[in-house]
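Enquirer: My questions are about this predicted structure, shown below with the sequence.
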Amino acid sequence: MALWISKLMNALCRPLVQRVGAELLPHFKDELQELATMRRATEHAVLPLVLKNEIEHMQQLPLSFLREQKGLVFVGYGSGELHGALEGSRCLVPPVRNESGLGGDCLVFLDEYHFVALIRELPTLFVPVRRAIVLPFRGDYLAETRIRQILHQLGFPEVSVMDYERYSDICSISGVSHPMPVDALPVMVSPVAESDATTRWLVANRYPVQP
Amino acid sequence: MTAARPLFLLLGFASEYSLGPIAQLLRGTGEQVIEVDFSVAGLPDLGDTEVILITSQHPARTAWIFRHGYGQASPYDRYLSPMECMRRLNVRCSVFVPHDLEQPVITDEIGYLSFFDFYCSPYEFNPGISLVCQPLCTGWVKHIDIDSGEFAHQSAASKNGVFFVNRVVDLMRRGGAAHLLGEYAVAVDHEVPFKLPDWPGVIDIERELVQAGAKVISADTPSTQVIAHSVQIFSNASGSVLAEAAYLGVPAHIIAPSAVAFPTPPTRGRQRRPFDFQLLMKAIQNHLDETSKP
């Protein structure tokens, strides 16, 4: 008898619970995403995947932007692959032990992991970086807002999202932020544009260049 | 000095422009000087002219953030941050001179000191600054020749003291002169003159205060000179003025709203040393010599 009642209750209640769940879940979308980010951030990085990501990002390098930069420094396990690809560029294979190796106009991380590992292991203020820091953003380790705030705090007053269209060799900029006084939280000057790009680059500039 | 010497470009905004005394000394030594107070004028077109840039602006505040905070209209629309100026100019040497003695470098500005070759520190103790740029212990920039020249309000300041109005943007939002007179009538009762910071829009507050019978020291009078001549100073809130008073050994008090009496003046403290202009000039010259070597 109890078994029959249990089966009957299940049959009656399950659709109700599913409906309530379906209605509630969208309200927790942001929190669930945040939880997923936090879970990824607490995991040890999977270095073979970092290398795989680097290859993906190198395929999508914003060449038209990088060609205009002098004194490029590429940071990544596979950075040697870029040797000679762009005039005057250098390659730096992590781990980075001292900040003197970072000296240049534009520091390009081939994966977000290298940026996060560097700021966790090397107490550098990026003083040797004269113009810009570029990193592919995936959101695997830190939220985008937090990365923007860190870069703003370290003397990069303009951070933007760069999308690269490989076939037309065109870079486009959106999602420009500037630092709020005191806490350096990013204030968005323009919204981040919708994009189909698989790799999105965060560009932090020492000197604001966007109108 | 040779004819090829770079031009001195001094930048700031309203009361955050604290480089007037340096400009006078530079002109006195025959240097070519351009002062840009962005509340009055924009950045001139200097082409490829070599520039020694000295600024008292907040280093981390971009033009966009500045207008985001204060509004798009004139005089805020022509503001440019130090790094935006640097991008447009041929800068041979850059110097940051703080305009706020209470907090010379705000927390988010530390990373931005790397834009500058020198930081003119008001204080001798500067641990950590050399990681981002070279500190020069010059002392407080407004403490230059403060005893020279006429001071029109000598009798009132030396007898009763002066009430410095702080947080003027907030005051304007709360009703300006009427709010001030309502909260700090004690200053009018004791014939203590008000001194407002030099900021766009304060002229209207000054006029209303005078019409209401209050004494006013014009906002464009250098604050440091006023403090130095005062028996004591009062303010509605903490800020650089209180730090300046401490620097000059002048007693200072924060007055609560609706207070009915002022405290009696305690004895004066020790005055710290004036701004070391020669130290700054020597550092700039050394930098120019070193960077011009092949």
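Expert: Yep, that arrived.
Enquirer: And A:Gln60, how far from A:Tyr164?
Expert: To A:Tyr164, A:Gln60 is 6 Å away according to CB to CB, to the nearest Å. Backbone N, C-alpha and C define where each C-beta goes, glycine included.
Enquirer: Compare these two (neighbour count), which wins?
Expert: A:Tyr164 (21 against 17; other CB atoms under 10 Å in any protein chain shown).
Enquirer: The more buried one belongs to a helix?
Expert: No: assigned with DSSP: H, G, I helix; E, B strand; the rest coil, A:Tyr164 falls outside any helix and is strand.
Enquirer: I'd guessed it sits against A:Pro62; true?
Expert: Yes: if you go by CB atoms under 8 Å, A:Tyr164 and A:Pro62 touch, sitting 3.9 Å apart.
Enquirer: any residues in contact with both of those two?
Expert: A:Cys171, A:Trp201 (CB atoms under 8 Å, 6 or more residues apart in numbering or on different chains).
Enquirer: So which bits of chain A are right by chain B?
Expert: A:125, A:127, A:152-158, A:178-184, A:187, A:189, A:206-209 (CB under 8 Å from any CB of the partner chain).
Enquirer: try it again with 7 Å
Expert: Contact residues, chain A versus chain B (CB under 7 Å from any CB of the partner chain): A:125, A:127, A:153-155, A:157, A:178-184, A:187, A:189, A:206-208.
Enquirer: From the centroid of chain A, which residue is nearest?
Expert: A:Phe137 (1.9 Å; CA atoms, centre = their mean).
Enquirer: Surely it is in contact with A:Val203?
Expert: No: in this structure, A:Phe137 is not within contact of A:Val203 by CB atoms under 7 Å, at 10.0 Å.
Enquirer: Show me which helix or strand of the chain is least confident by mean pLDDT.
Expert: No chain specified, so I'll use chain A. Ranked by mean pLDDT, DSSP states H and E, the helix or strand of chain A with the weakest confidence is helix A:29-42, at a mean of 73.
Enquirer: if you could check chain B rather than the one you did, that'd help
Expert: Going by mean pLDDT, DSSP H and E, chain B bottoms out at helix B:154-160, a mean of 85.
Enquirer: Check which helices and strands that helix sits against.
Expert: Applying 3 or more CB pairs under 7 Å, 6 or more residues apart in numbering or on different chains; DSSP states H and E, we find helix B:154-160 packed against no helix or strand.
Enquirer: Pull out the buried positions in that helix.
Expert: B:Ala156, B:Ala157, B:Asn160 (16 or more other CB atoms under 10 Å in any protein chain shown).
Enquirer: Who are the packing partners of the helix or strand that that helix is followed by?
Expert: Counting by DSSP states H and E, the element after helix B:154-160 in chain order, helix or strand, is strand B:162-164. Packed against strand B:162-164, as judged by 3+ CB pairs under 7 Å, 6+ apart, are the following elements: strand B:194-195, strand B:233-235.
Enquirer: Quickly run through the sheet partners of the last one, with directions.
Expert: The pairing partners recorded for strand B:233-235 under DSSP bridges are strand B:162-164 (parallel), strand B:252-254 (parallel).
Enquirer: Name the residue of chain B that lies nearest to chain A.
Expert: B:Gly111 (3.5 Å; CB to the nearest CB).
Enquirer: residue in chain A nearest to chain B?
Expert: A:Gly155 (3.5 Å).
Enquirer: mind listing what that residue touches?
Expert: Counting by CB atoms under 7 Å, 6 or more residues apart in numbering or on different chains, A:Gly155 touches A:Arg206, B:Gly111, B:Tyr112, B:Ser114, B:Phe115.
Enquirer: Flag the least confident of those residues.
Expert: For those, the weakest pLDDT value sits at B:Gly111, with 92.
Enquirer: Residues touching stretch B:231-240, excluding its own?
Expert: With CB under 7 Å, 6+ apart, stretch B:231-240 has contacts from B:100-102, B:158-159, B:161-167, B:184, B:192, B:227, B:241-242, B:245, B:250-255, B:262, B:265.
Enquirer: Same question for it: list its buried residues.
Expert: For stretch B:231-240, by 16+ other CB under 10 Å, it's B:Gln232, B:Ile233, B:Phe234, B:Ser235, B:Asn236, B:Gly239, B:Ser240.
Enquirer: give me the element the closest residue to B:Phe277 other than its chain neighbours is part of.
Expert: Distance criterion CB to CB, 6 or more residues apart in numbering or on different chains; nearest residue to B:Phe277, sequence neighbours excluded, is B:Leu25 at 5.0 Å. Taking DSSP H and E as the criterion, B:Leu25 maps to helix B:20-28.
Enquirer: Report the buried residues of that helix.
Expert: Here helix B:20-28 shows B:Gly20, B:Pro21, B:Ile22, B:Ala23, B:Leu25, B:Leu26 as buried, counting by 16+ other CB under 10 Å.
Enquirer: Quick check: bridge partners of the nearest residue to A:Leu202 once chain neighbours are set aside?
Expert: Spatially, and ignoring its direct neighbours in sequence, A:Leu202 is nearest to A:Phe137 (4.7 Å; CB to CB, 6+ apart). When bridges are called by DSSP bridges, A:Phe137 pairs up with A:Arg200.
Enquirer: Then A:Pro186?
Expert: Applying DSSP bridges to A:Pro186, the residues it is bridged with are A:Pro179.
Enquirer: Verify the stated contact: it with A:Gln153.
Expert: No: taking contacts as CB under 7 Å, A:Pro186 lies outside contact range of A:Gln153: 10.4 Å.
Enquirer: anything in contact with each of the two?
Expert: If you check A:Pro186 and A:Gln153 against CB under 7 Å, 6+ apart, no residue is contacted by both.
Enquirer: Just send the helices and strands packed on strand B:162-164 back as JSON lines, with mean pLDDT and distance to A:His27 too.
Expert: Shown next, in JSON lines, are the helices and strands packed on strand B:162-164 (pLDDT from 0 to 100; distance: least, CB to CB, whole Å):
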{"stretch": "strand B:194-195", "mean pLDDT": "96", "distance to A:His27": "53"}
{"stretch": "strand B:233-235", "mean pLDDT": "95", "distance to A:His27": "49"}
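Enquirer: A:Pro181: how many residues sit nearby?
Expert: Residues lying near A:Pro181 (other CB under 10 Å) number 18.
Enquirer: And A:Val182, by the same measure?
Expert: Neighbours of A:Val182 (other CB under 10 Å): 12.
Enquirer: one step back: among the contacts of stretch B:231-240, name the buried ones.
Expert: Buried, going by 16+ other CB under 10 Å: B:100-101, B:161-166, B:184, B:192, B:227, B:241-242, B:245, B:250-253, B:255, B:262, out of the contacts of stretch B:231-240.
Enquirer: mind listing what's buried in stretch B:78-93?
Expert: Buried, per 16+ other CB under 10 Å, within stretch B:78-93: B:Tyr79, B:Leu80, B:Ser81, B:Pro82, B:Met83, B:Glu84, B:Cys85, B:Met86, B:Leu89, B:Val91, B:Arg92, B:Cys93.
Enquirer: For the last one, name its beta-bridge partners.
Expert: In this structure, B:Cys93 has the following beta-bridge partners (DSSP bridges): B:Ile52.
Enquirer: For B:Asp117, see how far away it is.
Expert: Separation of B:Cys93 from B:Asp117 (CB to CB): 5 Å.
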